[in-house]
Structure formats: structure tokens, C-alpha cells
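> After the sequence you'll find the predicted model.
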Amino acid sequence: MSVAQDFRIEIPVLRITDQITKARQILRDDRFREIYVVNDEKKLLGYVDITDGLRVTATRSNVTVEGYVKDAAEVHASDPIEHIAREIKKFRTDSAAVVDEKRHITGGVLLSDLFPAIISRHEISGTVADCMSGNVVTAEENSPVQHIYTLIVQSGFSAFPVVRKKKLVGIVSRRDLLRSGRTRTARASAEHMPVRKIMTREVITLKPDDLISTAARLLVQHDVSRLPVMDGESVVGIVDRHDVLAGLA
């Protein structure tokens, strides 16, 4: 039986008094989408994520992480991977903190590492239409970066299909914004930076009648968090790892 210990890795940890700019730096440079936060006794308080990093502006760079901390999924080293998947699904996170009996962090399990093992151990039935979300928020390629920042903060979604006259031309994610380093500048100076400058142009897509197992395989193969679902040239849905996990429950 595979347990949390088998997937546990070291994940950066911040103190509650650390500045949010430190979180932004780590999230921009590393593979992590979330960083855990501890109190003075080194006990888990929660996490901050890439969306929080995007909230940082030049005028607020001295703010600590305290105001951004959210409840984290947490498991123990001996918990089976199915339990970890349920906790990650429950908290809608991309990782689970591994804690000891005193809630001291001993590491974390990333959904991206866990996902291939979960889908390989369970039969996945149904089509993409059965699990996709029809609530698709798109962005125009000439929209300013500031608009994407607003969509991410308001919706909580991690990536958005980019369209030109309703035709899919790319996708833009939280990490695209953070890595570009332009969001902070654009927000601070009101510069008009079009989304097309930072979007990913090669987009992996699905059709509604594709199997969910195909969606799961593509999410793993391309290490992406969301896949647009197309009906012809129209975006009619979107599938993420949490949608696939919901189908396994």
C-alpha cells in the first residue's frame, strides 16, 4: 500500500512574520504552487499560493504573509494515498502538508506527484462531458495583463483560455504571470501589457466525448493543471485534476 511517506518531499516553509515578497520569490523560481506557513512553535498554520504572490505590488512589498494564510490540507506519513487525494480535493489545493503528532511539518505531497499513482490504481469511466466544468472564463488576447490578474484573484482559477474572436489562440496561467515579472510592473505603472505577450500558444485540448482517462493521461503527460474542452472552434468546458479526482470518488 502506497502512503504519504512514499511521496513526501521537502517543501519551503515560511514563518508567519516573513514578508509576502519572500513567498513570491519562491513561487516564481520553484515548482511549488503553495508554501506552508508555521507559527513561532513551528506548527502548521496554513499555506499561501501563487495567487497570493500575484497580489504583491510595489507599494505593498513590506506586507507579511499573515493576512494571506489559508487552511491547508494535512496528512500523516502513514496515511494511504487515497486519503491524501480526498484531503486535497476537500481543500481544493495542489498539495497536502505532512505533519507529525505535534503538527510540525515534515514535508509535503504534491498533487502533481500523487496524481499519476492515483489514476493508475483506479478504473476511470465516463467521458470528459461527465466531469468538465461548463463555467469557462476566457480572456481576449489583447486584454491587458491587469485584467488577467483580476480574473485570477476573483475566480480562483489558475489558468484561462485566450481567444481571438471566440477562437482559441492560447492559454495563460498564474505561473505565466508570475514568471513574466510584468504583472507587478503593469499594476504599479498602469502599463498596457497585452496577454498575448505572455500566453502559451500551444494548447493541449479535449473534446466532450473524449474519455476521462484520456484527460487524466494528458494532464500527467504535459504536467498542466487545466485543459480546455473544444466543440469545433468553441471552448465549451474545462477540466482540471480536481475534476478527475471527483470522478474517482
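Received, thanks.
> From now on I want contacts and neighbour counts done on CA atoms only, so please keep to that.
Fine.
> List the residues that contact residue 141.
162-164, 169, 194-196 (CA atoms under 8 Å, 6 or more residues apart in numbering).
> Next, work out how far apart it and residue 105 are.
Per CA to CA, to the nearest Å, residue 141 is found 42 Å from residue 105.
> For the contacts of residue 141, work out which two are farthest apart.
169 and 194 (13.5 Å; CA to CA).
> And stretch 69-77, what's buried?
The neighbour-count check on stretch 69-77 (16 or more other CA atoms under 10 Å) flags 69, 72-77 as buried.
> Of the contacts of residue 141, just say which sits nearest to residue 178.
Closest to residue 178, out of all of those and judged by CA to CA, is residue 195, at 12.9 Å.
> Can you report how many residues neighbour residue 159?
Neighbourhood size, residue 159 [other CA atoms under 10 Å]: 23.
> shouldn't it be in contact with residue 174?
Yes. Contact criterion CA atoms under 8 Å: residue 159 and residue 174 qualify, at 6.2 Å.
> Now the common contact residues for these two.
By CA under 8 Å, 6+ apart, the residues touching both residue 159 and residue 174 are residue 152.
> Save the contacts of residue 141 as JSON lines, and put in secondary structure too.
Compiled in JSON lines, those are given as follows (DSSP: H, G, I helix; E, B strand; the rest coil):
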{"residue": "162", "secondary structure": "strand"}
{"residue": "163", "secondary structure": "strand"}
{"residue": "164", "secondary structure": "strand"}
{"residue": "169", "secondary structure": "strand"}
{"residue": "194", "secondary structure": "strand"}
{"residue": "195", "secondary structure": "helix"}
{"residue": "196", "secondary structure": "helix"}
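> Tell me if I'm right that residue 36 and residue 47 touch.
Yes. With contacts counted by CA under 8 Å, residue 36 reaches residue 47, the gap being 4.2 Å.
> Give me the common contacts of those two.
Residues touching both residue 36 and residue 47 (CA under 8 Å, 6+ apart) are residue 72.
> Which of the buried residues of stretch 69-77 fall in strands?
Those of the buried residues of stretch 69-77 mapping onto strands are 74-75, per DSSP state E.
> Just name the closest of the buried residues of stretch 69-77 to residue 208, please.
Residue 208 lies nearest to residue 73 out of these, by CA to CA, at 31.0 Å.
> For the nearest residue to that closest one once chain neighbours are set aside, list each beta-bridge partner.
The spatially closest residue to residue 73, leaving aside those adjacent along the chain, is residue 96, at 4.7 Å (CA to CA, 6 or more residues apart in numbering). Residue 96 has the following beta-bridge partners by DSSP bridges: residue 109.
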